[in-house]
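> Need coordinates for the below:
(chains A, B, C, D, E and F)
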There are 6 protein chains.
Amino acid sequence: MTGMHSFLALLPLTFLALGPAATSADFALEKMENKTVLLFTPHPDDDTFCCAGTLSLLAKRGNNIHVFIYTNDDKGSYDPEMTSERLARIRKAEEEEACRIVGIPRQNIHWLQFHDGMLEYANPRDLVEQVTGIIRKYRPEVVMSIDPGSEYVRWHKTDHRMAANNTLDAIRAAEWHLYFPNQRLNDGLEPWKVPVEALFYVTPKEANYWVNIDDVVDKKLAAAMAHVSQWEPSIHHCRPDWDAGVVDRLKAGLRERATKREGHFVEGFRIATDFSQQ
Amino acid sequence: MTGMHSFLALLPLTFLALGPAATSADFALEKMENKTVLLFTPHPDDDTFCCAGTLSLLAKRGNNIHVFIYTNDDKGSYDPEMTSERLARIRKAEEEEACRIVGIPRQNIHWLQFHDGMLEYANPRDLVEQVTGIIRKYRPEVVMSIDPGSEYVRWHKTDHRMAANNTLDAIRAAEWHLYFPNQRLNDGLEPWKVPVEALFYVTPKEANYWVNIDDVVDKKLAAAMAHVSQWEPSIHHCRPDWDAGVVDRLKAGLRERATKREGHFVEGFRIATDFSQQ
Amino acid sequence: MTGMHSFLALLPLTFLALGPAATSADFALEKMENKTVLLFTPHPDDDTFCCAGTLSLLAKRGNNIHVFIYTNDDKGSYDPEMTSERLARIRKAEEEEACRIVGIPRQNIHWLQFHDGMLEYANPRDLVEQVTGIIRKYRPEVVMSIDPGSEYVRWHKTDHRMAANNTLDAIRAAEWHLYFPNQRLNDGLEPWKVPVEALFYVTPKEANYWVNIDDVVDKKLAAAMAHVSQWEPSIHHCRPDWDAGVVDRLKAGLRERATKREGHFVEGFRIATDFSQQ
Amino acid sequence: MTGMHSFLALLPLTFLALGPAATSADFALEKMENKTVLLFTPHPDDDTFCCAGTLSLLAKRGNNIHVFIYTNDDKGSYDPEMTSERLARIRKAEEEEACRIVGIPRQNIHWLQFHDGMLEYANPRDLVEQVTGIIRKYRPEVVMSIDPGSEYVRWHKTDHRMAANNTLDAIRAAEWHLYFPNQRLNDGLEPWKVPVEALFYVTPKEANYWVNIDDVVDKKLAAAMAHVSQWEPSIHHCRPDWDAGVVDRLKAGLRERATKREGHFVEGFRIATDFSQQ
Amino acid sequence: MTGMHSFLALLPLTFLALGPAATSADFALEKMENKTVLLFTPHPDDDTFCCAGTLSLLAKRGNNIHVFIYTNDDKGSYDPEMTSERLARIRKAEEEEACRIVGIPRQNIHWLQFHDGMLEYANPRDLVEQVTGIIRKYRPEVVMSIDPGSEYVRWHKTDHRMAANNTLDAIRAAEWHLYFPNQRLNDGLEPWKVPVEALFYVTPKEANYWVNIDDVVDKKLAAAMAHVSQWEPSIHHCRPDWDAGVVDRLKAGLRERATKREGHFVEGFRIATDFSQQ
Amino acid sequence: MTGMHSFLALLPLTFLALGPAATSADFALEKMENKTVLLFTPHPDDDTFCCAGTLSLLAKRGNNIHVFIYTNDDKGSYDPEMTSERLARIRKAEEEEACRIVGIPRQNIHWLQFHDGMLEYANPRDLVEQVTGIIRKYRPEVVMSIDPGSEYVRWHKTDHRMAANNTLDAIRAAEWHLYFPNQRLNDGLEPWKVPVEALFYVTPKEANYWVNIDDVVDKKLAAAMAHVSQWEPSIHHCRPDWDAGVVDRLKAGLRERATKREGHFVEGFRIATDFSQQ
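Here you go, the predicted structure:
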């Protein structure tokens, strides 16, 4: 399949020898303005913890960011009284608050309505079709998603495995009108080739792009704090607020342990420009 | 999903830079006493060939070891007269004998009753549910299982791929009561967080823990020999016994080629302490 | 499962330390004569772009090469007027022409009739059964297939993932008569152990065998050109022919960027001799 | 499950003895005004052939009718040059014309985008979820759908079997907010109990309601003629128009053979008021 | 398949001409003593509403009755504050109370742990295996289950369709040791032929056996009342108790409308003695 | 979908009122000569027990009969020493002998290689594709298959349900070239409309065609006896032969109980001429 793609496929032995895909010298993720950016995240916190800094920078520059969340995160509480319906409500509100802090309005958050931990068991063909339709509708300049990549294959838990592969499979399908042709016939959706993928959850060894987030690290920490029910003490006995002082100590700890390069707070990505992610 | 887990997820770039997960200095797998250990193995010989030495040491120290075998190993014979029903019976008896040698009683062997080579096609959601229930029931200190890890992704045949991912997915699910809540409601099974995973079938590059099995290497070889039908001549023309001298020559060969480090017989593991296996 | 295989499984830590599987010094893929070679390819161009040189050499020496193509490649066109039925017809004719150039007759091309991009959603058990039957029928000396291997896990798109695993799973199953025993009972197909696997789409880091294709590089380029609809301008506005001069310029570009080692045109493989691909 | 439903379940032996479910004396399907009516049809002609008369009457009285079409009908042509993509386009245009004649505007036609003959292989859980969401969104007074009923079980071809069961399963699920609760959480969709089901494709023995369509039988015939590609000669050699005189002769034939009762043109339904269709 | 069964299969045209399967004159369901009876029910109320009278009679005579409930009934509430986890707990307690009234101890109630309305989407092969194992373990004289029968095919909602077919498929499989042979090998479960099936949810036309429940109709009504959350007012606003007088009025209404034959309260069954239910 | 079919769909209420589909007065199944007849049977005895007489008559008149057997019948033995592999071999030999008696040569028997009792769990789309290809290849005048019909829905066990629907779904698909178009492209298989279906396993109420088998009833009984392992004593303790006298007594019993009409031995069918089986 696939014309020029096959041409690349002919030569990977040579090209890969150059090491991690070299990104065009001109491309600067965080300098983009007024573009459409789609972010696909397995759960409503992976986006915050991996990308909140970059998202803040992108939001400031007028980019139109839409967040698509595969699952409703309705399982991760140790509170014995918690139920999944209630947790889903809580997680939704927390994600909306985190996005608000980052600069993404509530109407730009889209839930794909799978249950936490169950994405792996979704019908993979239908899931690709669904996300293909989203890509064709929004026609994004950049898709941010979870890296299916080699080092991470090991520990990608359910939801992460499926989300990683699915988004990339949909990017590939979106490019060719003969995939899911009813989308064009019935919904008027034309094919769309995503120019750039920014993949998060990468190892330092595989990251090929680093965004300096010094200016927005406080926003990132605040967004992380918005996920109250994901932290102690709320994760064990659910409550919507914090004890005095806890937030400050937690932020300080996170700040200290946050990823840094050459003295700067950073977020790392593997930038790729093709379905083969080169 | 996942509270403190997400906190780690925030920082993997930093942490992974340290190399293979550093295990707590205090933890010594083979020194454990009177603990519950669950081992999940795709077939009734992977446990012997990878872990029989470590299991012998653990059995000696009074640990309560339960072996869960995903498949019945009913395909691997070149004997043209063999049938699957008969081979399953043979393999069951051989596994019981190997476990006896190692020090694990017959009633601690549990068969999940999948057919050899067919685990990959099991319903993955149901399989996670089943193993989640087992973990919640036994509440083990350590789970031993097959590594889904990166180098091994390549060659993991069917059964191995599924077993590797499934056990870890179940470990993750077992921790949160909102996964498969009927287990708590109907069976009284409370959530359980597995403290330590000891993953076998690892490359030397990824192993981060080595057990010295000098004291029990003979037991390991004897256990390996108990799988008569897996070796020549029985694998080609099934018979329950050996020709004189064959066992000794075979043991000698195995002893010579067995994994060693710094002059000692060892078994290598990747010890991990979280669903992200860090 | 698996007799002597398990013996190897006992020792991988030692063996893998030696690096990529060392192939027997005697084996020379491109020197084989009058043997049966099966090639499994996800699409009708992956074989050309990865192996056309090696196939040309093998065809010259009288080897009986059969090409099995998982999908019909009916999606990869940007031409807005194209339909999948028409594209499948075009791709079939192009593959037949490319094979003719390489020296493989039309009757040796077999289509498994899956649609492009949909192999991933095939029933995996049935797909293994189908390919197992093919292997048992043809009893090949070598199977050429796509590498499921570790570096490539990352970017293997749909069809590639499934094809890679499926062929190896079938090689494993074909060896044991108790897999899919109705093939023996009803079709008289006896088990067959594939002696050698030559895996393509490998990284230079993982390749352990290189075929010098200097003598046939022109054939390879001609075969690549036979896939007219995969290249500009046909991929955007389908036509069966080329503008004058385009083919020559394209060939020149491909020749320049083709994989080379020590001044020779080469095709790289990971040669493996077991289901564990060691 | 099911409260008062269970109460009915207690008594079916008595009630069923009364024969086909007696519909409330007050209910008159064709007299409804300004209500919302949803029609679910497997293909874009089943609605015309079974219900065009009734739909015309309902449209006249200001009811808000939405047609949901499960498949795109892209298989049913004998024309050897036809492709599925082209046939889908033709069938869509024909359905829009037939609906226009009946009085249903184009924007009220919704395509669920399954391929003809493939609905049976859709993921049944996801399909129920999708239609449940539609019902909760539109909150219809009446749902018209295909009868899963006993006599018809025999001959229901694929698509018909699935469509029949799926719509009724979705009607059941729509009533209870705990089915697919993310629809309420994320989309604000409250549960909805469908008051009446009008099931078409029924045998005379099982029909319990007949609509007199004398006043609109001409519209029905005109709508049937709009499906040009479903009739000779177009079905064998596709063309968008008719030979002179053919339409008139065909209409005359249909008129003669159309279902009648006591001298009137009728359409028969099984009216039901519960998931148990009583 | 099937020896004497095939003999019957040879002759059904003759036999069926006799009308509904004639049960042996000697067999009297409600007169059995000290036998094992298994009842399989889709939800924890179908057993009460269909069979509570018969179960009471059987319990009195010392029969060992085990109730297997496919789903946890966690969807059927109109209370907008209800969650599925809470409803499952309530329904479990209500079922235990209803069984207590009928004379079945709590430890004889077994939950198969599917979610309400989701049984239809279970893996059908695995579900048959699970129930086959149960039948082989308990070796019942009679299995009571839901009739898959022809009239009811129409309205059987999800859960009912699957439960009906699954129990009968398992009865068939349980008879032959070559189905799921690991149950015999690993669990020591020998095959078991169920002598009699008593199928509930039948139409009067298809019922061939009626149990007089005059002596226990009060127990049946009391058991029905134990399902508090299935009735008004609790189904709309959940509460564990009743308003004064409501229970009495409800019982009176039920008593009046309960199934009767020749002046007696009855429960109707289709008694069958073979997998072909003849 | 489907032109003239839809025309019929428009009118079923009228037509069905006429009762069981009236077959063309001219058609006489058993008088056909030199035609191709395909028979699809779930197991290798259903054909004998239902159709051996008719098949004998058809074979005598030079019809080209091919028998396609969905499953290998490897479960139905009470012999505790039996294994599935061995039983499959026995059943295959018995079917070949029964067909020989009836007049069908061994090379006309085709096994689809599913395991007994497991057809229900086959991938339904792939199964339709497979049988569609068979129909398009053989282009039969008549397809004999198991009736999915309404009365039989009740008791159709696994394998029977799937076989019944699948064959009819394939007959429908075979007619339209846009179903499974790769069969035409790669295998040169043109669409084929099956003129007549002869459905067995029907109730007397639904049978609309009876074949007088007086002349061949002895052959039918002999063919039935060829299935030795399906009868006592072999079904309980497998042996290839009979005790003296048993066969004669068994034949006498069968003869006495065989289906008769007006003094003649008969086999009943539901003859149908369309996918709607009218």
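> Is there contact, residue-wise, from the helix or strand hosting A:F265 to chain B?
Assigned by DSSP states H and E, A:F265 belongs to strand A:264-272. Yes - for strand A:264-272, a contact with chain B is found by Cβ under 8 Å from any Cβ of the partner chain, at A:G268. C-beta: built from backbone N, CA, C; applies to glycine.
> ok, and for that strand, which residues are buried?
A:265-272 (16 or more other Cβ atoms under 10 Å in any protein chain shown).
> quick check, distance from that strand to the centre of its chain.
13 Å (Cα atoms, centre = their mean, to the nearest Å).
> What mean pLDDT does that strand get?
Averaging pLDDT along strand A:264-272 yields 95.
> on contacts alone, who are the packing partners of it?
If contacts are counted by 3 or more Cβ pairs under 8 Å, 6 or more residues apart in numbering or on different chains; DSSP states H and E, strand A:264-272 sits against helix A:46-60, strand A:196-200, strand A:209-212.
> same thing but 10 Å
helix A:46-60, strand A:142-146, strand A:196-200, strand A:209-212, helix A:217-226, helix B:12-16 (3 or more Cβ pairs under 10 Å, 6 or more residues apart in numbering or on different chains; DSSP states H and E).
> Where does A:K92 sit: helix, strand or coil?
Recorded secondary structure, A:K92: helix (DSSP: H, G, I helix; E, B strand; the rest coil).
> Can you tell me the closest non-neighbouring residue to it?
D:L185 (6.3 Å; Cβ to Cβ, 6 or more residues apart in numbering or on different chains).
> Can you pull the phi/psi pair for the one you found?
phi -70, psi -50 (degrees, to the nearest 10).
> What's the local residue count around it?
Under the neighbour criterion other Cβ atoms under 10 Å in any protein chain shown, D:L185 is assigned a count of 19.
> And A:D47, by the same measure?
Considering only other Cβ under 10 Å, A:D47 is surrounded by 29 other residues.
> looking at it, it is touching A:N108, isn't it?
No - counting by Cβ atoms under 10 Å, A:D47 stays clear of A:N108, with 11.9 Å between them.
> shared neighbours of those two, which are they?
A:39, A:65, A:67-68, A:99 (Cβ atoms under 10 Å, 6 or more residues apart in numbering or on different chains).
> Cross-check the residues you listed against chain B and keep the overlap.
Counting by Cβ under 10 Å from any Cβ of the partner chain, nothing from the shared contacts of A:D47 and A:N108 sits close to chain B.
> In these, find the pair that's most separated.
Pairwise distances across the shared contacts of A:D47 and A:N108 (Cβ to Cβ) peak at 12.1 Å, for the pair A:F68 and A:C99.
> Identify the contacts common to these two.
Shared contacts of A:F68 and A:C99 (Cβ under 10 Å, 6+ apart): A:47, A:108-109.
> Take those residues and lay them out in JSON lines including pLDDT.
As requested, those are exported to JSON lines (pLDDT from 0 to 100):
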{"residue": "A:D47", "pLDDT": "94"}
{"residue": "A:N108", "pLDDT": "98"}
{"residue": "A:I109", "pLDDT": "98"}
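> Name the nearest of those residues relative to chain C.
A:D47 (21.2 Å; Cβ to the nearest Cβ).
> Nearest spatial neighbour of the closest one, chain-adjacent residues omitted?
A:T41 (4.2 Å).
> Double-check A:R239 against A:P233; I have them as touching.
Yes - counting by Cβ under 10 Å, A:P233 is a contact partner of A:R239 at 7.2 Å.
> which residues do the two both contact?
A:D79.
> Neighbours of A:H110, how many?
So A:H110, with other Cβ under 10 Å, has 15 neighbours.
> and it, what element?
strand A:109-114.
> That strand and chain B in contact?
No - using Cβ under 10 Å from any Cβ, strand A:109-114 stays clear of chain B, with a minimum separation of 11.8 Å.
> Dump the C-alpha coordinates for that strand into CSV.
Backbone C-alpha positions of strand A:109-114 (Å, rounded to 0.1, in the frame of the first residue of the first chain) are rendered in CSV as follows:
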residue,chain,number,x,y,z
ILE,A,109,-13.3,18.4,25.6
HIS,A,110,-14.8,15.4,24.0
TRP,A,111,-15.4,12.0,25.7
LEU,A,112,-15.3,8.9,23.7
GLN,A,113,-17.2,7.2,26.5
PHE,A,114,-15.3,4.0,27.0
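> close to chain C, is it?
No - judged by Cβ under 10 Å from any Cβ, strand A:109-114 makes no contact with chain C; its nearest approach is 17.8 Å.
> Name the SS class of the residue of the stretch 51-200 of chain A found nearest chain F, please.
In the stretch 51-200 of chain A, the residue that lies nearest chain F is A:R125 (11.6 Å; Cβ to the nearest Cβ). With three-state DSSP as the basis, A:R125 sits in helix.
> Now do the contacts for it.
Here A:R125 is in contact with A:169, A:180, C:117-118, C:120-121, C:158, D:122-123 (Cβ under 10 Å, 6+ apart).
> Can you tell me which of these are buried?
So, by 16+ other Cβ under 10 Å, the buried ones in the contacts of A:R125 are A:169, A:180, C:117-118, C:120-121, C:158, D:122.
> For chain E, state which of the residues you listed is nearest.
Comparing the buried ones among the contacts of A:R125 against chain E with Cβ to the nearest Cβ places D:A122 closest, at 11.9 Å.
> So that closest one is in contact with D:Q130, correct?
Yes - with contact defined as Cβ under 10 Å, D:A122 reaches D:Q130; the gap is 9.3 Å.
> between the two, what contacts are shared?
Common neighbours of D:A122 and D:Q130 (Cβ under 10 Å, 6+ apart) are A:126, D:112, D:166.
> rewinding a little: buried residues in the strand holding A:H110, which are they?
Buried, per 16+ other Cβ under 10 Å, within strand A:109-114: A:109, A:111-114.
> Report the residue spans of the stretch 51-200 of chain A with pLDDT below the cut-off.
Low-confidence segments of the stretch 51-200 of chain A (pLDDT under 70): A:150-155.
> any idea where the helices of it begin and end?
A:84-102, A:124-138, A:150-153, A:160-174, A:182-187 (DSSP state H, counting those that start in this stretch).
> Need the three-state assignment for the most far-flung residue of chain A relative to its centre.
Largest separation from the mean C-alpha position in chain A: A:A244, at 31.6 Å (Cα atoms, centre = their mean). Under the three-state scheme (three-state DSSP), A:A244 adopts coil.
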